[in-house]
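**Q** From the sequence below, what's the structure:
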Amino acid sequence: MYKKILFCADLYAGSDYAFAAALDLAERSDAELIVFHVLESRHRYSGQVITEDGETWAGPEIYEKLKRKLKEYYFIRIEKENPEFVRIEVRAGVPWMEIVRFARKEKVDLIVMGSYTIHDPRQPMELEKPHLGENAQKVSLRAPCPVSIITSPKQRLAMEKAADAHTA
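**A** The predicted structure follows:
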C-alpha cells in the first residue's frame, strides 16, 4: 500500500492522534515512517530559527537536541524499543514549504499531519475562518502525494462548544 509515510511533527499533544494514525498505517503497510519537524525560520537561508528560547542561530547542536526530543516524545508511543522503520528528520525554514520540498525529494507516498496547532485560549476564536491551520492548508494544496489531515476528538469537541457558545 505505502512505502514511505511522512508524519509532520509539531510536538503538541493535538497531533498525537495524527501520529497514531501514521504509525498504524506504517505498521500495516510495512512502510518507513519519517517523523519530520521543521524549525520555523523567517527565511530559509537566514541561518536563524525560532526555538522555545526565542530566535537563535541554527547549529548542529540545535538539530541534534531537537532530534533527541522528537525521539523521546514519539518513540515512547511505539511499542517496539528501537523501531527500525522510523526515521527522524529535522529541517529549518517555512514549515509548509519544507514539508512539500522534503516529500518531493523523498518521494513519499502519504503525508499525515494534524489539522492545526492547538488554539491559544488567550486569543479570540475566529469562527468565520476555516478551522484548518495554514500549514495543513498549504501542504494539502501543494503536496506531490495524498495528504491525510487528522483531527483529534478533543479538537472537534472544543470547536463544537465554541461554535455553540458563539451562536447562543
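**Q** Quick one: mean pLDDT over stretch 64-81.
**A** Summarised as a single mean, pLDDT over stretch 64-81 is 86.
**Q** Just the buried positions in it, please.
**A** 66, 69-70, 74, 78 (16 or more other Cβ atoms under 10 Å). Every C-beta, even on glycine, is put in place using the N, C-alpha and C of the backbone.
**Q** Considering only helices and strands, which part of this protein has the lowest mean pLDDT?
**A** None of the helices or strands of the chain scores lower by mean pLDDT, DSSP states H and E than strand 54-57, at a mean of 59.
**Q** Which helix or strand lies directly C-terminal to that one?
**A** Proceeding N to C from strand 54-57, the next assigned helix or strand is helix 60-75, under DSSP states H and E.
**Q** Doesn't Val90 belong to a strand?
**A** Yes. Counting by DSSP: H, G, I helix; E, B strand; the rest coil, Val90 is part of a strand.
**Q** show me what contacts Tyr73?
**A** By Cβ atoms under 8 Å, 6 or more residues apart in numbering, the contact set of Tyr73 is 9, 11.
**Q** cool, and Leu6?
**A** Residues near Leu6 by Cβ under 8 Å, 6+ apart: 34, 36, 99, 102-103, 106, 108, 110-112.
**Q** Could you do Ala26 as well?
**A** Going by Cβ under 8 Å, 6+ apart, Ala26 touches 2, 5, 32-33, 85-86.
**Q** at 7 Å what do you get?
**A** Taking Cβ atoms under 7 Å, 6 or more residues apart in numbering, we find Ala26 in contact with 5, 33, 85.
**Q** How about Pro83?
**A** Contact partners of Pro83, counting by Cβ under 7 Å, 6+ apart, are absent.
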